[in-house]
Structure formats: C-alpha cells, structure tokens
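Student: For reference, the sequence and a predicted model appear below.
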Amino acid sequence: MSSYTVSYITPVAFKGEGPFEGTNHAEVPPWIIAGAWRSYFFVDGIGTYIWANPASMTTNDEIDLSVGGRPYTASMSYINSSDYDAGRPVKNWKRNYHGIYSAAFFNHPVEGPISLGFLHGENKNAVSGHNWYQNTIQKNVPIDLADPDSYSGGNPYHNGWKSYNGLISAAWVPNIRGTNWGEQFFKNELGPIAWPATGYITPGGVKCTAGLKHPSSLIMDDYVYVFYADSGPYGNNIPDEEGRHEGIKVVRAPLKDALDPHRYETYYRDTAGNDTWNASLPKGFTKENMLDFVAVRGPKATDITDDVEGSSQEIRFSVAKVRDSGYFIGVEQYIDMGDAKKSKVALRFSRDLVHWTPRVFTVYTADTWSQSRMNYPIFLSKDGWSNTEVDLDDFYILGTGNNITNIVNRVHIQAGAPASFVRMFTTLAAWPVSVNGLSPNPGTGLFKLTYTVNNPSDLSIAIFDMSGRQLKVQSKGARDPGSYTEDLDITSWAAGMYLIKIMTGNTTSLYKLVKI
C-alpha cells in the first residue's frame, strides 16, 4: 500500500453569518448535487438546508455561503414543522429528525428532471427544555428523567437507545428553473423505503432494533442503490437470526420506478449462496399506516460487508464508481469491537455493488467515536463536483466531528505512482472469492462455509489458532466461477476463536470463527 499517500486531516469552514447562522452546520458531510453551481445539503441534526455555491471543498479552506444568497429548507422533522400537533400521530417516519444524507439528480420518464433525496429519520423519546416528545413506535416506553437511556436530550446531548428508532425514507422535488434547480422543500415524500428484518417491536411491545440509519446512494445501470446501516437485534431482547443481523444493507429500485416506495428491493444472499432481491417493505405498508406495521418483520437482508457477528458496529458505508473502470470503491466507518472499540474508516472494492472485498486499507483511526473527526464518511472527486464518481489515483474522503458545527473535514488520497496504484486496486477489485456465509458462528464444532468464486482460481482453505499456528489445510484445486459449500468439522477442538484463511494465488481472505 506504499504507492499512495493519505494527507493529514484538513478542515473546511463554511461561513453563514447573520440570520442564517446555523443553517451552515453539518452533522454529516454535505452531499452535493452538481449544476451550474454546487447544491450543498447541510443536515443540522433536525432537518436539511441547501446552499448554492460555486466554490469547491477541494481547493478552499473557507467557503462563504452568502455568495449564493440565502439557504432553502429542504427537509424538517415533524415536531419542528409548522403543522405539528402533539395529539396527531402522523408522519411517524420523520417525527424527531429528517435529514437528507444523500441525493441524486436524474431524468424521470414522467416527472422529468428531479432531485431525489434519501433521508435518515428518527422516532424517539426526546426532551428539549421543558418540552417532552413521546415516541409513537414504542408506546410502552415512557420518558423517565431518572433514566437517561429512556430519552434523547440533555447537555451534553445523548441518544437514549432504549427508545430510539431509526428509519430510511425518500423524498423528491423537480429540478427545474421554477424550483431554482431543486433548491426547494422536498415535499413529495415517499415515506420509508426499507423496513428492518426484525421489525421494530414484537407484538408484545418488546424492542427489536434501533432501526435503519445513515443512507448513501449511487445511480448505476438505470438503478438507484441505497446503502444503509441496519442496527440488527437490540441487546438480548430477541434472538439473532440468519438474515436479520446487524450490518450494511442495500436496497435498489429502477430509476423509472424510483418514486414508488413499493418498487424498492432489498438484497439477500441465502445460506446456499443464491442472490435474490425481495420487496423491501411489508405487503400492504404505506407511510400513512406505518404504525400498523411496527411489529411486522421486514424481508431478510444480507450484510454486504460479510463481517463476523459482534466483531464490528457499522456506522456508514458510502460508494463511488471508479472512473473509467468496471468497479466500485466503498468507504466504511465502523467501531472495531476487537480493538478497544476504536472508530475506523476503511476502504473496500466491488464489481457488482453487493459482493465486496475485505477491508483493504484503514484510512483513519480514532480512539473513540466521539473523538473521531471523520464521522459519516463520503467520497469527493478531485474536482469537488461528485460524491459518487472518483479517479482512483486522486480523491478525497469527507467526514465530520462529534459536534454539529460549520466545519467539515477532508482527507486527500493520492497515488505516488498512478499506474501501479491502479493495477494494485484493480487486482483487489477483482477479488477471486466472496464469502457468503459461515454458520453457525459461534457454533459447537460443525460449520458450513459458503462462498462464490468470481474468477477461475486455485483455492485452498486453512484454519489457524489465534497465535498464527496452522491447524488444518484443505486444497480444493481449480475452482470454476460459481457457488460452493464446504463443511468444517472442529468438534474435537477446544472452545475459542480461530481464523479461516481462504487462499487463491496471491490473495488471501481472513474470517473469524468462534467455537463454543
């Protein structure tokens, strides 16, 4: 990995003084829709403001937003909207928070040019000053000031996870002169476009999950893909089942149908390694009847990063196409549970957006999430115009700190030797084998390993203990492209953690296995 350099973190300050102070604050890096100027989407922790500006984040350390006039409100949470009524449980997907984390411009066959935003929403117990806002999903969890985990608020602000429910939704606006090229309120709301495989609560009201969070989007091959973090089962409240784990998930919809929430599908890889796309919302679901479905489980969905359960907590995953290539690069923020819960930012590669290499390089590490300056990372091209298409030898990663301020941080990644840099990562992007499953994990000794061979490869599988000692090796010889299943029997071995090493030529993949 010595063929490129990673710069120190440098900040970009967005000036927005006077009556619009605060609308230039960013909890997540501002997404860009490119036009004559850049439309910057600023999420302030409640809603979204759009500022138009000609300046690039790649060449400026300070950007004066007032050059573009005033900001436009693009989204707002229900409790902060003018039509909020405490007695009406409506707009439940955006009750406390409704921020546009990513957006896309395209020509819809019926509506014409549009901007489509993908939003992180929250429905939770919240305390703000003397105002109490009871969540509408977990009605049996009241706010209790003696129990900080029962509500969000306080100083410093904290999230009360006991009553927190994250949701992923979409909204759009025409991108035409009459809307100042999409710089208007995104009033055409689809509501949720995905539903957690666990449901939010059991029929008896037990919390199942903290929900779905932090979307990033990409348009590719007449589809829009939306990547998000699924919190998975909450604590030990419910069993952790196959297809209902924590991790990075993806939904997609054909562009021609992207304004219909029922046309979104979630990706699932079954235990035999078969890839399927299933309707991402329960049958009969609408945004208006959402509360009737909070105890209904969504479709099974696969963690596309194939992480061992419990080894990491996923925060966000953003994807860009590598220009003039047939592959994609992903930037991932995660909490490394095996390394003192450090917050890390790493890169992965893919050819099809659902099968990803292991983490090939860690770009940034902070001791804790609250100390990180690269939270919620996204890409930025070297010219500062795109979050979804980059040159592999020269690109940026953007992130934010723990506090919501007008500062956005950037890391510049450049190739010292561009040709070798591209060759190296092209090899990684063509990773010969994708592991689909290792189950049950943890298990008592009989394990099933399922994997897909992407390119013809000579393959072997070895098992090591945590000291690095090889305990078993199986040579599988030449494998043609396709799906395979291997049975691993270590019933006679001591309980503990082992490493599965899959070797193909000059590439190696490592996966953890836990025997109980």
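Tutor: Great, that's in hand.

Student: what sits against S318?
Tutor: Contacts for S318 (C-beta atoms under 8 Å, 6 or more residues apart in numbering) come out as S102, S216, F227, G330, V331, P377, I378, F379, N387. Just so you know, the C-beta spots here come from the backbone N, C-alpha and C atoms, and that holds for glycine as well.

Student: Wait, a strand at it?
Tutor: Yes: assignment of S318 by DSSP: H, G, I helix; E, B strand; the rest coil places it within a strand.

Student: Bridged to it, which residues?
Tutor: V331 (DSSP bridges).

Student: So it versus Y376, what's the distance?
Tutor: S318 sits at a distance of 8 Å from Y376 (criterion: C-beta to C-beta, to the nearest Å).

Student: Tell me which entries of the contacts of S318 lie within strands.
Tutor: S102, S216, F227, G330, V331, P377, I378, F379 (DSSP state E).

Student: Now do the contacts for the second one.
Tutor: Residues counted as contacts of S216 (C-beta under 8 Å, 6+ apart) are Y101, S102, F118, V226, F227, Y228, R316, F317, S318, V319, I378.

Student: ok, now with 6 Å
Tutor: S102, F227, S318 (C-beta atoms under 6 Å, 6 or more residues apart in numbering).

Student: Turn these into JSON lines, columns for pLDDT and distance to M503.
Tutor: Conversion of these to JSON lines gives the following (pLDDT from 0 to 100; distance: C-beta to C-beta, whole Å):
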{"residue": "S102", "pLDDT": "98", "distance to M503": "37"}
{"residue": "F227", "pLDDT": "98", "distance to M503": "29"}
{"residue": "S318", "pLDDT": "98", "distance to M503": "30"}
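
Student: Among the residues you listed, which one sits closest to S280?
Tutor: F227 (12.9 Å; C-beta to C-beta).

Student: Hmm, the closest one is touching V250, no?
Tutor: Yes: assessed by C-beta atoms under 6 Å, F227 is found in contact with V250 at 5.0 Å.

Student: Please enumerate the shared neighbours of these two.
Tutor: In contact with both F227 and V250: no residue, using C-beta under 6 Å, 6+ apart.

Student: what bits of the chain have low per-residue confidence?
Tutor: Per-residue confidence for the chain (pLDDT under 70) gives these ranges: 1-4, 416-432, 434-437, 466-468, 505-511.

Student: Verify the contact between K472 and F464 for me.
Tutor: No: applying C-beta under 6 Å, one finds K472 not in contact with F464, separated by 8.8 Å.

Student: and the residue nearest to E265 when sequence neighbours are not counted, helix, strand or coil?
Tutor: In space, and not counting its chain neighbours, E265 is closest to W277: 3.9 Å by C-beta to C-beta, 6 or more residues apart in numbering. Assigned by three-state DSSP, the conformation of W277 is strand.

Student: Repeat that for P29.
Tutor: Using three-state DSSP, the structure places P29 in coil.

Student: Pull up the gap between it and V226, please.
Tutor: 17 Å.

Student: Out of these two, name the residue with the larger neighbour count.
Tutor: P29 (32 against 26; other C-beta atoms under 10 Å).

Student: mind listing what the residue nearest to that one when sequence neighbours are not counted touches?
Tutor: Once flanking residues are discounted, P29 sits nearest to L398: 3.8 Å by C-beta to C-beta, 6+ apart. Applying C-beta under 6 Å, 6+ apart, we find L398 in contact with P29, I378, L380, V408, R410.

Student: Next: A55.
Tutor: I63.

Student: The one 3 residues further on now?
Tutor: Taking C-beta under 6 Å, 6+ apart as the contact definition, T58 lies against G384.

Student: do K512 as well
Tutor: K512 sits in contact with V308, where contact means C-beta under 6 Å, 6+ apart.

Student: change it to 10 Å
Tutor: By C-beta atoms under 10 Å, 6 or more residues apart in numbering, the contact list for K512 reads 307-311, 338, 438, 441-442, 466, 497-500.

Student: List the buried residues for stretch 398-407?
Tutor: L398, G399, T400, G401, I404, N406 (16 or more other C-beta atoms under 10 Å).

Student: cool, and stretch 441-461?
Tutor: Buried-residue list, stretch 441-461, by 16+ other C-beta under 10 Å: 441-443, 447-454, 457, 459, 461.

Student: again with stretch 103-120
Tutor: A103, A104, F105, H108, I114, S115, L116, G117, F118, L119, H120.

Student: With secondary structure as added columns, please give those in JSON lines.
Tutor: Shown next, in JSON lines, are these (three-state DSSP):
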{"residue": "A103", "secondary structure": "strand"}
{"residue": "A104", "secondary structure": "strand"}
{"residue": "F105", "secondary structure": "strand"}
{"residue": "H108", "secondary structure": "strand"}
{"residue": "I114", "secondary structure": "strand"}
{"residue": "S115", "secondary structure": "strand"}
{"residue": "L116", "secondary structure": "strand"}
{"residue": "G117", "secondary structure": "strand"}
{"residue": "F118", "secondary structure": "strand"}
{"residue": "L119", "secondary structure": "strand"}
{"residue": "H120", "secondary structure": "strand"}
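
Student: Which two of those residues have the greatest separation?
Tutor: H108 and H120 (23.2 Å).

Student: thinking again about what came up before, the residue nearest to P29 - that's part of a strand, no?
Tutor: Yes: according to three-state DSSP, L398 belongs to a strand.

Student: Can you name the residues bridging to it?
Tutor: Here L398 sits in beta bridges with I378, R410, going by DSSP bridges.

Student: Quick one: residues contacting K124.
Tutor: Counted by C-beta under 10 Å, 6+ apart, K124 has contacts 95-97, 133-138, 141, 150-153, 159-166, 210-211.

Student: Nearest residue to it in space, please, no chain neighbours.
Tutor: Going by C-beta to C-beta, 6+ apart, K124 has Y164 as its nearest residue, at 4.5 Å.

Student: tally of neighbours for that neighbour?
Tutor: Residues contacting Y164 under the criterion other C-beta under 10 Å number 27.

Student: ok, it touching N135?
Tutor: Yes: if you go by C-beta atoms under 10 Å, Y164 and N135 touch, sitting 8.2 Å apart.

Student: Need the overlap of contacts for those two.
Tutor: Joint contacts of Y164 and N135 (C-beta under 10 Å, 6+ apart) are N96, E122, N123, K124, N125, A126, V141, Y151, S152.

Student: What is the burial count for the third one?
Tutor: Other residues within reach of N123, judged by other C-beta under 10 Å, total 30.

Student: Would you quantify the distance from it to V141?
Tutor: 12 Å.

Student: Now for these two: what residues contact both?
Tutor: With C-beta under 10 Å, 6+ apart as the test, N123 and V141 both reach N135, S163, Y164.

Student: Quick check: closest non-adjacent residue to the second one.
Tutor: This points to S163. Spatially, and ignoring its direct neighbours in sequence, S163 is nearest to N125 (3.9 Å; C-beta to C-beta, 6+ apart).
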